[in-house]
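> Got a sequence here, can you build the structure:
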Amino acid sequence: MKRLDAVKISLLCATALGSVMAVQPAAAQTAPQMDSIERQIKSLQDELTRMKAESASRDRALKQAQAQAKAAQEQAAAAHTQATQTAAQVAAAPPPPATPVSTEPKLPQGSFRVGQVTVTLGGFAAMEGLYRSRNEAASIDTSFGGIPLPNNPNYHVPEFRTTAQQSRFSLLAQADPNSYTHLSSYLETDFLSAGSSSNSNQSNSYTLRLRQFFGEYDNSHLGLHVEGGQGWTLATMYSKGLLPRQENVPLTIDAQYVVGFNWARQAEVRIVKDIDQKYWFGFSVESPQTIFGNPAGPNCFTGAAAPGFPGGGIPEYAACGGPNVNSIQAYSDNYAPDLIAKVAADPGFGHYELYGLLRFMNGRVSYGAPTYTGTNHATTGEGIGAGMILPVVPGKLNFQVSGLIGKGVGRYGSSTLPDVTFSPTGSVEALPGYSVMGGFVGHPTPSVDIYAYGGAEGVSAKYSGAFGYGSPSLNLSGCGLELGACPANTNNIVEGTVGAWWRFIKGPWGTMQAGLQYEYLNRNTFAGSNGKGAAIAGPSANENVLLFSMRYYPFQ
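So this is what the prediction gives:
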């Protein structure tokens, strides 16, 4: 605008000058001067015209900008009004429901839900092997009572074997109908079994077997626990309480565990009452089975007289398996189940147990060929057992000891020594026996377990002349000769074993662990005769076993 005012002043001056010049006489003005003045006037007029055009353009731009600013102000005001209305509507509306927070605990690895039932998978894949100094032709479970004696060629032959048969699968199903009622079922299997065609020639097709399958009812208000199915016997020592899946099983690779360990897995019905989870009272009714000593007779009844049985009598104490059991195995005659009552305490330092065992065993002997008549004979077996676990260094080192003593209790030891024998009159006689095991289990680091166990099992002789079990009249002259006759009866078996497990991988992907175990075994027999009236010591045999294992636990 200042430039436009200057132009206007210049034009006024030029106009005034023109007027003055016009008053002057024409003669005083030269033609060149007039042309110059006209050109200046013309230039100033053109500049004025251009400036007016620019001023008009600026006015239009200003008006357009003012219009845009006004429109923007109106849009902002409208948006503010809309936001205010929306906020008022939100404030007036009821609040949305809160997102529910799950109160259920996080499921452990390998667990999932099927409706209201929680299913947890377990088990491991195993690659294991062993070396034995005496050939037992056995898998990863050593036959403690079957160590070959010197008359057996296998006594002189070592054995190496690898197997995956101990690979295991388990499934635990749990449900809680209410806060104090808990239901569960547990299945556990492995492949330590063989069908009639199983062999190690090529396919190694060994069969799946039942280890455990039971159901359990727990009522925490009443402190009541009821179990039914196949599981560990109540005679087994527990690490805490008396409930299933709390058994204190040795950490060995050997699937027969340790000499002196009391155990069985069999069908049972168990009732347990706890008081404040500290004191436990249990009673179980369990499936029976009897192991007979001499006379050995056939594996199962075939109608043949037992060797040396007086009067030509035919003992019938076991029958070949019928439907749905093994037809080539003997099943003893038992007229009642095994009964076990146990009390346990967890006072805050250690675990303590005391129990009693009652068994019912019978057999039959037939006399009087060719028209036989027979007599049934029955007896009972009784035993008392105890055990304890002491935390020598809590969390680092435990000491444990357990044992069973009585008569007719051989089957409940790992060596499965005989329960009974026959007397010359055909009566069934229970054999006194014992089993004891002790040891230490250490955990120097969270990934390493170290164990050392020792155990012994024994049975006493009961005989009349050359008849019965452990008779000194038995002719043992052939026991030192390869392929010689050797009817020696086992007196006791002793074992010492050490081993360790190392979990070198552990995480959400599972656990990989390696194990190594060494065990020394010694089998001793009763003394006998040299066949000429002189007493001689019974044969004995030792066994050195080295076992190794690699296991993968995908669910723990």
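
> hey, let's count contacts and neighbours off CA atoms from now on
Noted.

> List the residues that contact Asp333.
Listed by Cα atoms under 8 Å, 6 or more residues apart in numbering, the contact set of Asp333 reads 289-290, 317-319, 361-363.

> hmm, 6 Å instead?
With contact taken as Cα atoms under 6 Å, 6 or more residues apart in numbering, Asp333 is in contact with 317-318.

> could we number from 195 for the rest of this?
Happy to do that; since the first residue is 195 now, the last one works out to Asp527.

> Report pLDDT for it.
Taken from the predicted model, the pLDDT recorded for Asp527 is 84.

> just Ser296 next, same as before
Among the per-residue scores, Ser296 shows a pLDDT of 60.

> before we move on, what about Met582?
pLDDT, Met582: 98.

> what's the helix or strand for the closest residue to it other than its chain neighbours?
Once flanking residues are discounted, Met582 sits nearest to Tyr546: 4.3 Å by Cα to Cα, 6 or more residues apart in numbering. Here Tyr546, judged by DSSP states H and E, is contained in strand 545-561.

> Show me what that strand is packed up against.
Strand 545-561 is packed against strand 508-510, strand 532-539, strand 567-587, with contacts defined by 3 or more Cα pairs under 6 Å, 6 or more residues apart in numbering; DSSP states H and E.

> what's in contact with the longest one?
The contact list for strand 567-587 (Cα under 6 Å, 6+ apart) reads 544-561, 592-602, 621-622.

> quick check: angle from the strand holding Tyr546 to strand 567-587?
Between strand 545-561 and strand 567-587, the angle comes out at 160 degrees (axes from the mean of the first three to the mean of the last three Cα atoms, to 10 degrees).

> any idea where the helices of this structure begin and end?
Ranges of helices within the chain are 196-217, 225-286, based on DSSP state H.

> between the ones you listed, which gets the lowest average pLDDT?
For the helices of the chain, the bottom mean pLDDT is recorded on helix 196-217, which sits at a mean of 48.

> ok, Ala728 - how many residues close by?
11 (other Cα atoms under 10 Å).

> what's the distance between it and Phe661?
Look at Ala728 and Phe661: by Cα to Cα, to the nearest Å, they are 18 Å apart.

> now swap in Ser361 and tell me
Counting by Cα to Cα, the gap between Ser361 and Phe661 amounts to 44 Å.

> neighbour-wise, which of the two wins?
A direct count of neighbours by other Cα under 10 Å for Ser361 and Phe661 places Phe661 higher, at 22 against 19.

> which residue sits closest to the more buried one, ignoring its sequence neighbours?
Once its chain neighbours are removed from consideration, Phe661 has its nearest residue in Pro618; the separation is 6.5 Å (Cα to Cα, 6+ apart).

> Report pLDDT for Gly562.
Predicted confidence (pLDDT) for Gly562: 67.

> Could you pull out the buried residues of stretch 231-241?
Buried residues in stretch 231-241, counting neighbours by 16 or more other Cα atoms under 10 Å, are found at 235, 238-239.

> And for stretch 637-646?
Neighbour-count burial for stretch 637-646 [16+ other Cα under 10 Å]: 637, 642-646.

> and of these, the nearest to Thr383?
Ranking the buried residues of stretch 637-646 by separation from Thr383, with Cα to Cα as the measure, puts Asp643 on top at 24.4 Å.

> That closest one against Arg697, yeah?
No: Asp643 sits out of contact with Arg697 when judged by Cα atoms under 6 Å, with a separation of 8.7 Å.

> need the contact list for Leu710.
Residues in contact with Leu710 (Cα under 6 Å, 6+ apart) are 693-694, 741-742.

> Whichever of those residues end up buried, select them in PyMOL.
Per 16+ other Cα under 10 Å, the buried members of the contacts of Leu710 correspond to this PyMOL selection:
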select buried, resi 693+694+741+742
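
> between the contacts of Leu710, which is closest to Ala273?
Distance from Ala273 was checked for each of those by Cα to Cα. The minimum falls on Ala694, at 75.9 Å.

> Please look at that closest one and Val642 and confirm they touch.
No: at 7.2 Å, Ala694 does not count as touching Val642 under the criterion of Cα under 6 Å.

> Going along the chain, name the strands of the stretch 395-544 of the chain.
With DSSP state E, counting those that start in this stretch, the ranges of strands along the stretch 395-544 of the chain come out as 403-413, 418-426, 459-469, 473-480, 508-510, 512-514, 524-526, 532-539.

> repeat for the stretch 245-394 of the chain
In order along the chain, the stretch 245-394 of the chain carries the following strands (DSSP E, counting those that start in this stretch): 305-308, 311-326, 353-357, 362-372, 375-384.

> right, so of these, which gets closest to Gln276?
For these, distance to Gln276 was read as Cα to Cα. The smallest value, 49.1 Å, belongs to strand 305-308.

> Which of the residues in the closest one are classified as buried?
Ser305.

> Work out the gap between it and the centre of the chain.
Once both centres are worked out by Cα atoms, centre = their mean, to the nearest Å, strand 305-308 turns out to sit 16 Å from its chain's centre.

> Alpha carbons of it, as PDB, please.
In PDB, the C-alpha atoms belonging to strand 305-308 read as follows (Å, rounded to 0.1, in the frame of the first residue of the first chain):
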ATOM      1  CA  SER A 305      -1.600 -81.500  30.700                       C
ATOM      2  CA  PHE A 306      -4.900 -80.500  29.000                       C
ATOM      3  CA  ARG A 307      -8.600 -80.400  29.800                       C
ATOM      4  CA  VAL A 308     -11.400 -82.600  28.400                       C
END
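
> what does it contact?
Residues outside strand 305-308 that contact it (Cα under 6 Å, 6+ apart) are 312-314.

> any chance of the residues you listed in a markdown table, plus distance to Thr569?
Formatted as a markdown table, the entries for the contacts of strand 305-308 read as follows, by distance: Cα to Cα, whole Å:
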| residue | distance to Thr569 |
| --- | --- |
| Thr312 | 54 |
| Val313 | 53 |
| Thr314 | 52 |
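
> Can I get those residues in TSV including pLDDT and neighbour count?
Output for the contacts of strand 305-308, formatted as TSV (pLDDT from 0 to 100; neighbours: other Cα atoms under 10 Å):
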residue	pLDDT	neighbour count
Thr312	97	16
Val313	97	20
Thr314	97	19
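
> nearest to His415, of those?
The shortest distance between His415 and any of the contacts of strand 305-308, using Cα to Cα, involves Thr312 and amounts to 21.8 Å.

> What's the local residue count around the nearest residue to the closest one once chain neighbours are set aside?
Taking Cα to Cα, 6+ apart as the measure, Thr312 lies nearest to Gln368, with 5.2 Å between them; neighbours along the chain are not counted. Summarising burial for Gln368: neighbours were counted as other Cα under 10 Å, giving 17.

> I'd say Gln368 and Tyr380 touch.
No: taking Cα under 6 Å as the contact criterion, Gln368 and Tyr380 are not neighbours in contact, 8.8 Å apart.
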